[in-house]
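Just the structure for this:
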Amino acid sequence: MKFAKRLVLMLLLAALLYFVIFISAAHIVGTIDTTKEADAIIVLGAGLLRDGRPGRALTRRSLQAADLWRAGAAPYIICTGGQAESFPRSEAAACREVLLANQVPVNAILLEEQSRSTEENAIYSRRILKGMGITDVVLVSDSYHMLRASWLFQLQGIATYRSPVPAQRIRSPLSYPFSLTREFVAFNWQLVKETFQIPVTHLKGI
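Next up, the predicted model:
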């Protein structure tokens with residue numbers, strides 16, 4: 001009985017250590033901007049408000065992409081994200097709205113409107129990139145999302161530079177640790193998928 005208790009305790013401590021290491025790594029990666037001049041900027045989708053307006057996460061990501069475009073980081077911006085049930089339009093379309101309102105011309109914006117997850121963002125973006133002969137991109141998302149997102153794009157063979165939206169732009173002080181914890185779950189779900197070759201490419205919200 002004592003051995004079993006010690007084993008359980010050791011496993012719990014190991015799991016806690018793994019969690020802390022992951023959270024630390026995700027935080028650190030999210031603080032490092034590796035932006036270089038590339039062929040396109042990719043904005044990863046995020047949720048909309050019920051009336052179809054872009055939510056805070058999508059707005060701040062889109063604004064960062066607009067800043068990068070005006071600075072000459074890339075000639076094109078690809079907005080990603082499909083249309084969820086009961087919403088009037090896609091996340092990509094809402095991203096385009098923010099870009100147009102911030103001096104990005106319509107002919108510089110491309111839409112990827114099929115994806116329902118970060119993994120599908122990468123899968124469907126790759127098809128657009130391949131068709132255009134694009135080889136490298138600047139990836140824009142929130143800082144907490146960067147570790148998993150850049151990994152998924154690299155799995156698709158896409159050369160990726162990271163432009164994370166700083167954690168300081170998240171208004172709620174509780175949102176950031178919650179988002180990091182959610183990333184821990186999503187990252188490990190992806191590891192399970194890769195290990196057992198599970199074909200499902202999305203769960204709600206990840």
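
quick one: the strands in this structure?
40-43, 76-80, 109-112, 136-142, 159-165 (DSSP state E).

and the first one, what other elements does it pack with?
Pointing back at strand 40-43 there. When contacts are defined as 3 or more CB pairs under 8 Å, 6 or more residues apart in numbering; DSSP states H and E, strand 40-43 packs onto helix 56-70, strand 76-80, helix 118-132, strand 136-142. To be clear about C-beta, it is placed using only N, CA and C from the backbone, and glycine gets the same treatment.

And the contacts of that strand?
Residues outside strand 40-43 that contact it (CB atoms under 8 Å, 6 or more residues apart in numbering) are 58, 61-62, 65, 68-69, 73-80, 95, 110, 121, 125, 129, 132, 134, 137-141, 153, 163.

With just CA atoms, put that strand into PDB.
Listed next in PDB are the C-alpha coordinates belonging to strand 40-43 (Å, rounded to 0.1, in the frame of the first residue of the first chain):
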ATOM      1  CA  ALA A  40       2.700  36.500 -46.600                       C
ATOM      2  CA  ILE A  41       1.300  37.200 -43.100                       C
ATOM      3  CA  ILE A  42      -1.100  34.700 -41.700                       C
ATOM      4  CA  VAL A  43      -3.700  35.800 -39.000                       C
END
